[in-house]
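Novice: quick one, fold the following:
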Amino acid sequence: MRASASRFYSRRAWLLSAAALLVLVSLAYAFQNAGVWLVREDPLQKAQFVLVLSGGLPDRALAAAEVFRASQAKEVWLTRPMQPAAAMQQLDLPYSGEEEYSRMVLIAKGVPPDDIRILPQRINNTADELKAVFDELQSQPDATVIVVTSKAHTRRVRSIWKYVSSGTNRGHLLVRAAPQDTFDPQHWWRTTNDVLSVVREYLGLLNAWAGLPLHHAS
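Specialist: Residues are numbered from 1 along each chain as shown. As a prediction, this is how the structure comes out:
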């Protein structure tokens with residue numbers, strides 16, 4: 001009986017050790033690839049419109065100019081972030097708005113001014129931007145829009161669009177990352193900026209999967 005019990009406990013200890021090792025290996029793999037998983041781009045193809053998501057100035061605008069030419073798009077769309085424009089206005093200080101600086105970058109890189117359109121809605125976050133795109137596509141539901149954003153943000157853009165479009169067939173959304181973006185998905189833990197990006201994106205994904213219950217403060 002004692003020999004049998006000893007074998008039982010030895011086997012149990014071995015199984016527990018193996019399970020613990022498997023968990024540790026899985027966690028290490030997940031940690032190492034957390035940045036890689038966030039980056040999900042679509043192949044570049046023809047499109048009618050290119051959207052520059054706010055933030056990441058000037059990288060996203062620079063990439064959008066390249067995508068505009070390669071995709072043979074008709075227009076580049078810019079959005080109008082509420083901040084810091086509203087805060088600057090309260091201080092009676094001049095501020096042209098991020099969209100104006102992005103517009104200047106696009107023009108400097110060869111995009112015709114008449115092919116640049118600033119969407120009228122004031123936006124607070126990516127969800128607002130994609131809702132603005134969804135509204136624009138009401139009259140042209142078959143159009144393709146290429147969204148240009150940062151590398152780590154590409155997967156979350158898809159998740160938010162899935163929620164915003166609510167399973168409808170309005171528009172076809174493609175996502176491209178700005179190659180000028182310095183995010184290093186293979187070694188994201190090496191810099192503070194990349195660590196913050198990964199944490200922010202995973203929290204944002206949880207919010208998107210939950211149906212966007214949390215909103216950006218105005």
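
Novice: mind checking how far residue 38 is from residue 62?
Specialist: Using Cβ to Cβ, to the nearest Å, one obtains 21 Å as the distance from residue 38 to residue 62. Using the backbone N, CA and C atoms, a C-beta is placed for each residue, glycine as well.

Novice: let me redo that: residue 142
Specialist: In this structure, residue 142 and residue 62 are 29 Å apart, going by Cβ to Cβ.

Novice: can you pull out the strands in this structure?
Specialist: For the chain, the strands defined by DSSP state E occupy 49-52, 75-81, 116-123, 144-149, 172-177.

Novice: what mean pLDDT would you report for the last one?
Specialist: What that stands for is strand 172-177. Averaging pLDDT along strand 172-177 gives 97.

Novice: got it, and the second one?
Specialist: The average pLDDT for strand 75-81 rounds to 97.

Novice: which other helices and strands contact it?
Specialist: Helices and strands touching strand 75-81, by 3 or more Cβ pairs under 8 Å, 6 or more residues apart in numbering; DSSP states H and E, are strand 49-52, helix 59-71, helix 98-108, strand 116-123, helix 126-136.

Novice: and the ones you listed as a markdown table, adding mean pLDDT, mean neighbour count and distance to residue 180?
Specialist: A markdown table is the format used below for the helices and strands packed on strand 75-81 (pLDDT from 0 to 100; neighbours: other Cβ atoms under 10 Å; distance: least, Cβ to Cβ, whole Å):
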| stretch | mean pLDDT | mean neighbour count | distance to residue 180 |
| --- | --- | --- | --- |
| strand 49-52 | 98 | 29 | 13 |
| helix 59-71 | 98 | 22 | 4 |
| helix 98-108 | 97 | 19 | 11 |
| strand 116-123 | 96 | 16 | 19 |
| helix 126-136 | 96 | 21 | 19 |
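
Novice: with distance to residue 24 as extra columns, can I get those in JSON lines?
Specialist: Shown next, in JSON lines, are those (distance: least, Cβ to Cβ, whole Å):
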{"stretch": "strand 49-52", "distance to residue 24": "42"}
{"stretch": "helix 59-71", "distance to residue 24": "37"}
{"stretch": "helix 98-108", "distance to residue 24": "44"}
{"stretch": "strand 116-123", "distance to residue 24": "43"}
{"stretch": "helix 126-136", "distance to residue 24": "35"}
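
Novice: who wins for proximity to residue 21 among those?
Specialist: Residue 21 lies closest to helix 126-136 among the helices and strands packed on strand 75-81, at 39.4 Å (Cβ to Cβ).

Novice: list the contacts of the closest one.
Specialist: When contacts are defined by Cβ atoms under 8 Å, 6 or more residues apart in numbering, helix 126-136 is touched by residues 49, 51, 53-54, 77, 79, 119, 121-123, 145, 147, 153, 156-157, 160-161, 163-165, 170-171, 173, 204, 212, 216.
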